[in-house]
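> Build me a model:
(chains A and B)
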Amino acid sequence: MDQTTVFLIIVGMAVVTYIPRALPMLALSQRKLPEPVAVWLRYVPVAVLSALLLPSLVVQEGRLDLSAGNLFLWAAIPTLLVAWRTRSMFGAVITGMLIVALARLVGVG
Amino acid sequence: MATIEGTTTRSAWLTGVRRAMPLVLGYTPIAFAMGVLAQKAGLSTFNTLAMSLLVYAGSAQLIAVGLFGAGAPSLTIVITTFIVNLRHLLLSAAISPKLKGWRRGEIAAFAYELTDETFAVHAADPAPQLDKGVAFGLNLTAQIVWVLGTWLGIAAGQVIQDVRPLALDYALPAMFIALLLMQIKDRIQVGVAVLTGLLSVVLLLAGLDQWSVIAATVIGATVGLGVETWIKRRSS
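Coordinates of the predicted model:
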């Protein structure tokens, strides 16, 4: 594939990414939303983050993996504890990455 | 008055930059890994940077790099990106009540840099309305770091064979764990988080692929609304 075609594809990707980002905001931000809709939308952050997170921890190569060898899953426990106790995203990310790097260094996962 | 306003705006921007710092830590390794992989998939430096500037969506970019590397058809790459990023519809709608009174141009600019991560930080802001300076300071810092991290990855791509020993692939899950905890304020939300996560796994394994996140989110938020409404009715 030549680089001009690649660039055109990237422009296409940019357009289809921007539209869903912008439309709801432009349409809804100046309106008073009905109460049930507002309540529903307040659950979206928790729901979407959890929906993105959990598969990345327990699904490896298309299969459910709850085995002891699934480093991503077990490293999530100390990461969660640090995030919960310190409320620090910094600390959580460092903890998670350090544990995974160290475990790989000694040959786990 | 002009100077006072100038100072407030500047300090608001600085607050935004400060709030972006945890994202900097998470974005750098992911963007770096993306740069390395894009270089290996045969994308030019210009195109890799263009993708981080124009598309600016972590998971979609990583998936697209894989598709480019596999020689997938153009339309497949664009449609996959569309489906992967369709969840932004929900994020955009969910953040809209915090943008009351913003001009259309400002909203259009803000939407350009709406990611899972910037959304999560904005959504966790307890104030009912977002401060424009803080919001743009945060968004711009995050994207600048994303582009710089991509560039570092391209530069390092020649020498790095495998990103796994550096645990760069764990930056995203770790960041999502912290971002998720920032959102949880009561028991219903804990329940919604657990339910939605499990649903997302089940739907993914059932073959819904890229649709699983959106489907699980819609169901999870609806159950949250249902439970909250039911509890309110019972107590009144």
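
> Burial check on residue 94, number of neighbours?
Since no chain was named, I'll use chain A. Residues lying near residue A:94 (other CB atoms under 10 Å in any protein chain shown) number 16. The C-beta positions use only the backbone N, C-alpha and C, and glycine is treated the same way.

> my question was about chain B
By the criterion of other CB under 10 Å, residue B:94 has 26 neighbours.

> One more: residue A:30?
Neighbourhood size, residue A:30 [other CB under 10 Å]: 13.

> which residues touch it?
Contact analysis of residue A:30 by CB atoms under 8 Å, 6 or more residues apart in numbering or on different chains lists B:100-101.

> how far away is it from residue B:166?
Separation of residue A:30 from residue B:166 (CB to CB, to the nearest Å) stands at 46 Å.

> ok, and does the host helix or strand of residue B:149 reach over to chain A?
Residue B:149 belongs to helix B:132-156 when assigned by DSSP states H and E. No - Helix B:132-156 is not in contact with chain A by CB under 8 Å from any CB of the partner chain; minimum separation 11.6 Å.

> packing partners for that helix?
helix B:2-19, helix B:21-40, helix B:45-54, helix B:104-112, helix B:116-124 (3 or more CB pairs under 8 Å, 6 or more residues apart in numbering or on different chains; DSSP states H and E).

> Could you check how far it is from the centre of its chain?
Averaged C-alpha coordinates place helix B:132-156 at 12 Å from its chain's average position (CA atoms, centre = their mean, to the nearest Å).

> Next secondary structure after it?
Counting by DSSP H and E, the next helix or strand C-terminal to helix B:132-156 is helix B:171-183.

> As a check, name the ranges of all helices in chain A.
Ranges of helices in chain A, per DSSP state H, are A:3-28, A:35-42, A:44-58, A:71-86, A:89-105.

> What about residue B:141, how many residues nearby?
Around residue B:141 there are 22 other residues, counting by other CB under 10 Å.

> Check what pLDDT the nearest residue to it once chain neighbours are set aside gets.
Closest residue to residue B:141 apart from its sequence neighbours, by CB to CB, 6 or more residues apart in numbering or on different chains: residue B:20 at 3.8 Å. Note for residue B:20: predicted pLDDT of 93.

> To what extent is residue B:20 buried, counted in neighbours?
Residue B:20 sits with 24 neighbouring residues when counted by other CB under 10 Å.

> and it, what does it touch?
Contacts of residue B:20 (CB under 8 Å, 6+ apart): B:118, B:121, B:137-139, B:141-142, B:145.

> Among those, which pair sits farthest apart?
Of all pairs drawn from the contacts of residue B:20, the one with the longest distance (CB to CB) is B:121 and B:145, at 13.5 Å.

> neighbour count winner among those two?
Under the criterion of other CB under 10 Å, the comparison of residue B:121 against residue B:145 puts residue B:121 first, with 22 against 19.

> Distance of the more buried one relative to residue A:82?
18 Å.

> now residue B:54
Separation of residue B:54 from residue A:82 (CB to CB): 35 Å.

> neighbour-wise, which of these two wins?
A count of neighbours by other CB under 10 Å puts residue A:82 above the other of residue B:54 and residue A:82, at 24 against 16.

> Enumerate every residue touching the residue nearest to that one when sequence neighbours are not counted.
Spatial nearest neighbour of residue A:82, excluding adjacent residues (CB to CB, 6+ apart): residue A:95 at 4.5 Å. Taking CB under 8 Å, 6+ apart, we find residue A:95 in contact with A:78-79, A:82, B:174.

> Please apply the same query to residue B:61.
Here residue B:61 is in contact with B:34, B:38, B:51-52, B:55 (CB under 8 Å, 6+ apart).

> same thing with residue B:231?
By CB under 8 Å, 6+ apart, the residues touching residue B:231 are residue B:188.

> Any regions of the chain where pLDDT drops low?
Just so you know, I chose chain A. Within chain A, the stretches with pLDDT under 70 are A:109.

> not what I meant, chain B
Applying pLDDT under 70 to chain B picks out residues B:1-7.

> which residue is nearest the centroid of it?
residue B:116 (2.2 Å; CA atoms, centre = their mean).

> wait, what's in contact with that one?
A:48-49, A:52, B:58, B:91, B:176, B:179.

> rerun at 6 Å
Under the criterion of CB atoms under 6 Å, 6 or more residues apart in numbering or on different chains, residue B:116 has no neighbours.

> and what of residue B:117?
residue B:23.

> How about residue A:7?
Contact partners of residue A:7, counting by CB under 6 Å, 6+ apart, are residue B:47.

> and the angle from the helix or strand encompassing residue B:65 to helix B:132-156?
Residue B:65 is part of helix B:58-69 when elements are defined by DSSP H and E. When axes from the mean of the first three to the mean of the last three CA atoms, to 10 degrees is applied, the directions of helix B:58-69 and helix B:132-156 differ by 30 degrees.

> how about helix B:58-69: buried residues?
Within helix B:58-69, the residues scored as buried using 16 or more other CB atoms under 10 Å in any protein chain shown are B:58-65, B:67-68.
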